[in-house]
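**Student:** I'd like to go over a predicted model; first the sequence, then the structure.
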Amino acid sequence: MSDAIYDERYSRPGFYWGSKPTGLARDVARIVRSLPSPPRTLIDLGSGEGRDSIYFARLGLRVLGVDISSVGVRKAERRASRLRSKPRFQVGDIRTYQLSRRWDVVFSSGVLNNLPRRMRGARFEHFKANTAPGGINAMNADVEKPYIPPQTTNPHASPFRSGELLGYYWDWEILDSGQGEFVSTASGIPHRKAMDMVIARKPPASA
């Protein structure tokens, strides 16, 4: 993965991924509203131009958005300022970024495919270890299907296998999960995708 790919995308006019929150972000908002003790803090890994980070901050969470692209981070900061929203942003690579505290929600949409297969196990253990007891991880990832041509918009991405994402949360309570297929237009070239998602809660008694 190279920040140059994303720097070029985010330097274009408008918003490469759009300005509305993702479906995963809306699902998380729906779930957290139903919890007896709503989460207070959220880290958005791969925050891009900030659409989900800003959405969560406007819901009242304390948010940190992390993205590999400094161009994306600056763009997100400018948009947040215009909207009088107060998420924080910093540059970081999901492959190596170290969470330095326990978060109530660890969120990542559309970015996990940048994790090489050899490091995924360790990375998910890191995300889980730095989630507060009773906290949530909400993730999605593209999955490979023999009848869907491989995507070419990011040559460094590696698709997940069906069910792989859910498998990392075998020891957590699964609040929601599933797989969907859709046509993405983010790159300007419509292309079919399949995606797995999981929203899982860490057992409250976990250390």
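**Tutor:** Okay, I see it.
**Student:** tell me the pLDDT of Ala186.
**Tutor:** With respect to pLDDT, Ala186 scores 66.
**Student:** now the one 4 residues further on
**Tutor:** Confidence per residue is given as pLDDT, and for Pro190 that number is 74.
**Student:** could you list the low-confidence segments of the chain?
**Tutor:** The model of the chain has pLDDT under 70 over residues 1-2, 151-155, 186-188, 206-207.
**Student:** so which residue is smack in the middle of it?
**Tutor:** Centroid-nearest residue in the chain, with C-alpha atoms, centre = their mean: Ser108, separated by 1.4 Å.
**Student:** list the contacts for the closest residue to that residue other than its chain neighbours?
**Tutor:** Spatial nearest neighbour of Ser108, excluding adjacent residues (C-beta to C-beta, 6 or more residues apart in numbering): Leu45 at 4.2 Å. (Glycine included, C-beta is placed from N, CA and C.) Taking C-beta atoms under 8 Å, 6 or more residues apart in numbering, we find Leu45 in contact with Val66, Ile94, Tyr97, Val106, Phe107, Ser108, Val111, Phe127.
**Student:** name the SS class of Phe15, please.
**Tutor:** Taken by DSSP: H, G, I helix; E, B strand; the rest coil, the conformation at Phe15 corresponds to coil.
**Student:** contacting residues for it?
**Tutor:** Phe15 makes contacts with Glu49, Arg51, as judged by C-beta under 8 Å, 6+ apart.
**Student:** for Leu64, same thing?
**Tutor:** By C-beta under 8 Å, 6+ apart, the residues touching Leu64 are Leu42, Ile43, Asp44, Ser53, Pro87, Arg88, Phe89, Gln90.
**Student:** check which helix or strand the second one maps to.
**Tutor:** I take that to be Ile43. Secondary structure from DSSP states H and E places Ile43 in strand 41-45.
**Student:** residues contacting the following helix or strand past that strand, please?
**Tutor:** For strand 41-45, the succeeding helix or strand toward the C-terminus, using DSSP H and E, is helix 51-58. Here helix 51-58 makes contact (C-beta under 8 Å, 6+ apart) with 15, 17-22, 24-25, 28-29, 42, 44, 47, 63-65, 76, 79-80, 83, 85-87, 89, 105, 107, 109.
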